[in-house]
Structures are given as C-alpha cells and as structure tokens.
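Undergrad: Predicted model, plus sequence, below.
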Amino acid sequence: MASVNIGILGAAGRMGCALRAEIAKHEDTKLVAALVAPGTEMLGTDAGGVKFTSDIRAALEICDVLIDFSSPKVAIDAALMMFGTPCKVLVTGTTGYSATEEKALVQAAKAITLVKSGNFSIGICVLENLVTKAAAALPNDWDADILDIHHNQKKDAPSGTALMLGRALATGGQNIDPSEFASLRHGGVIGEHSVFLGSDMETITLTHTALDRAVFAKGALTAALWAVGQDKGLYDMQDVLGL
Ligand code: NAD
C-alpha cells in the first residue's frame, strides 16, 4: 500500500502529540504537515520529520487526509478551505460543535469526505450499540443518566462522547434531557463515561474507561485510512468499523 500523507490540525496538543506518535509507528502513513495555531512559539521547530507550521492552505496541497483535534471554528475553516485544494478528506475528532457548526459540517460534507466522531475508540462504538439495545429492551419509565469524567483542561461539557451516548439512548427509545447529563473535570483523567439505567428496584451501569490517549489516535488513524477513497459524505466511527 502506498503511504498515506497525513496532516494534523492541532499537532502540538494532547491528541496531536498522541497522533504524531502513532503515525511514526505506522508503516502505511506519513506525517507531511503538523499544524499549530498562528503565533505559537514552536512554529518552525521539529514535529517529527516535518516542521510545525500554521499554513493550512499549503498543508492541504500535500495531504491525502487532514486529521483534526483542535477546535470547532478551526476545523470548519479548514473544511471550507478544502474546496479549492487537492485534499478532500477530513477526519475530525474535535468536540464542542454548536448546532450551527454541526450544520456547517453537514454542508461541507456535500463536497468532501468527512469522518466525525467525538470518540474514536472501538470500545465506545460497542458501548453505543449496547446502550441502544438496553434502552430498547427496558420499560420507558426507567430513569437514564450519563456521567462523563475528564481532565481539568477539557473545554466542553457534557463531552462529545456523553452526547453520543445520549443519542444512543434516544435511538433505543429512552430520551434524556440536559439535566440528566453530569460532568466532572478532575486531574488528568483521560476519559470515563457511565450510562446509568434504573428503576425503583434495580440499576444497570455501563462504563467505558480510556486508559491511554493512544486509543483515540489509533482510531483516528484507522478512520483516516478508511476514508481515503470513500465517496464524499458525512461518516462516523460506526461506518468506519462496519458495526
Ligand atoms: P489541546 O488543547 O491539547 O489541543 C488542541 C490544540 O489545537 C492546541 O495545541 C491549540 O493550540 C491547537 N490549535 C488552536 N488553533 C489552531 C489553529 N488555528 N491551527 C492549528 N492548531 C490550532 O486539546 P486536546 O486534548 O488535544 O483535544 C482537542 C479536541 O479533541 C477537543 O475538542 C477534545 O474534546 C477532542 N478529543 C476528541 C477525542 C476523540 O476521540 N474524538 C479524544 C480526545 C479529545
């Protein structure tokens, strides 16, 4: 397989670092652009075979896929910029998109291949399906709540994953309102999600714990390799894994 040229948006962040480490280990991928915010002090320094840059347009001339772990506005600007460049594949793991920003991504996916997931781990994909199955099997007078625990630098709450799990409950017929999401921001926790289902007499708790950020980086890389050659459109990790 020819090497897939990858650009990372947010290359110096927590996820950007984990992704650079994964790309370096993967024989079918090559890091060709490491994008950081304009004005950042590491601009021009070594990012692992390439220099950190903030020139997204130039990066899109040489990437097959852009993987984004930055912020909603930065990701949407990059998606729109793709229209006039050879790179037409965006994998975005950024969370915290507003409803308007979600619509902008849906629009962008009419012209590019876009994989979007608030959580690239296979465990969360499986958990989503279990949650839908449990919600569908239980009487709808059961109570449903979702807790997410993350490190204290995380910007959005509830997390993108918690919202995904909320949609999984709704798919199974258990609607959950905003007061039934709880978020704890604590120390260096990478990510823990629990879905609680309960009646007056019993409870079920379904929990996923991420032990290493590499799980998200590996998943994003799997999504990137899958997305090359796919038709334009909006996809998620369930599509990538065929679950
Ligand atoms: P982070 O703050 O460590 O990294 C984000 C980086 O983006 C920062 O280094 C910031 O300087 C950079 N950035 C800002 N503007 C930029 C620009 N114009 N060009 C290039 N880079 C720019 O955050 P993080 O922990 O790495 O998380 C990033 C995002 O990914 C968050 O939204 C987080 O919730 C999400 N996340 C998703 C998954 C998943 O599996 N989908 C997993 C972990 C985190």
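TA: Good, I have the coordinates.

Undergrad: State the pLDDT value of the most far-flung residue of the chain relative to its centre.
TA: Distance from the centre of the chain peaks at Met201, with 36.5 Å (C-alpha atoms, centre = their mean). The model reports Met201 with a pLDDT of 97.

Undergrad: And the helices in this protein?
TA: Taking DSSP state H as the test, the helices found in the chain are 14-25, 56-62, 72-81, 99-108, 122-137, 160-171, 214-227, 237-241.

Undergrad: Take those helices and write them to CSV, including distance to Val89, mean pLDDT and mean neighbour count.
TA: No exception for glycine: its C-beta is placed from N, CA and C like everyone else's. Shown next, in CSV, are the helices of the chain (distance: least, C-beta to C-beta, whole Å; pLDDT from 0 to 100; neighbours: other C-beta atoms under 10 Å):
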stretch, distance to Val89, mean pLDDT, mean neighbour count
helix 14-25, 15, 97, 19
helix 56-62, 10, 98, 17
helix 72-81, 10, 97, 19
helix 99-108, 12, 97, 14
helix 122-137, 20, 98, 18
helix 160-171, 20, 97, 21
helix 214-227, 5, 98, 22
helix 237-241, 12, 97, 19
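
Undergrad: and Thr95, how far is that from the ligand?
TA: Computed as C-beta to the nearest ligand atom, to the nearest Å, the Thr95 to the ligand distance reads 4 Å.

Undergrad: and that residue, what is it in contact with?
TA: Residues counted as contacts of Thr95 (C-beta atoms under 8 Å, 6 or more residues apart in numbering) are 118, 156, 159-161.

Undergrad: ok, back up a step: against Trp142, how distant is the residue farthest from the centre of the chain?
TA: To Trp142, Met201 is 10 Å away according to C-beta to C-beta, to the nearest Å.

Undergrad: count of neighbours near Val32?
TA: 20 (other C-beta atoms under 10 Å).

Undergrad: which ones are touching it?
TA: Shown in contact with Val32 (C-beta under 8 Å, 6+ apart): 5-7, 50, 59, 62-63.

Undergrad: hmm, which of those residues are the buried ones?
TA: 5-7, 50, 59, 63 (16 or more other C-beta atoms under 10 Å).

Undergrad: Quick one, grab the pLDDT at the residue nearest in space to the middle of the chain.
TA: Residue closest to the average C-alpha location in the chain (C-alpha atoms, centre = their mean): Gly93, at 2.3 Å. pLDDT recorded at Gly93 is 98.

Undergrad: OK, contacts around the residue lying closest to it once chain neighbours are set aside?
TA: Closest residue to Gly93 apart from its sequence neighbours, by C-beta to C-beta, 6 or more residues apart in numbering: Phe69 at 4.9 Å. Neighbouring residues of Phe69 by C-beta under 8 Å, 6+ apart: 8-10, 13-16, 19, 93-94, 220.

Undergrad: ok, for the closest residue to the ligand within the chain, nearest residue in space, not its chain neighbours?
TA: Closest approach between the chain and the ligand, counting by C-beta to the nearest ligand atom: Gly13, at 1.9 Å. Nearest non-adjacent residue to Gly13, counting by C-beta to C-beta, 6+ apart: Phe69, 5.9 Å away.

Undergrad: pLDDT at the one you found, what is it?
TA: pLDDT at Phe69 comes out at 98.

Undergrad: need the residues of the chain near the ligand, please.
TA: 9-10, 12-16, 35-37, 54, 69-71, 74, 93-96, 117-120, 216 (C-beta under 6 Å from any ligand atom).

Undergrad: Which ones among the residues you listed map onto strands?
TA: 9, 35 (DSSP state E).

Undergrad: If you drop the residues flanking it in sequence, what lies closest to Trp226?
TA: Distances taken as C-beta to C-beta, 6+ apart put Val240 closest to Trp226, at 4.7 Å, once the chain neighbours are dropped.

Undergrad: Cool, thanks, talk later.
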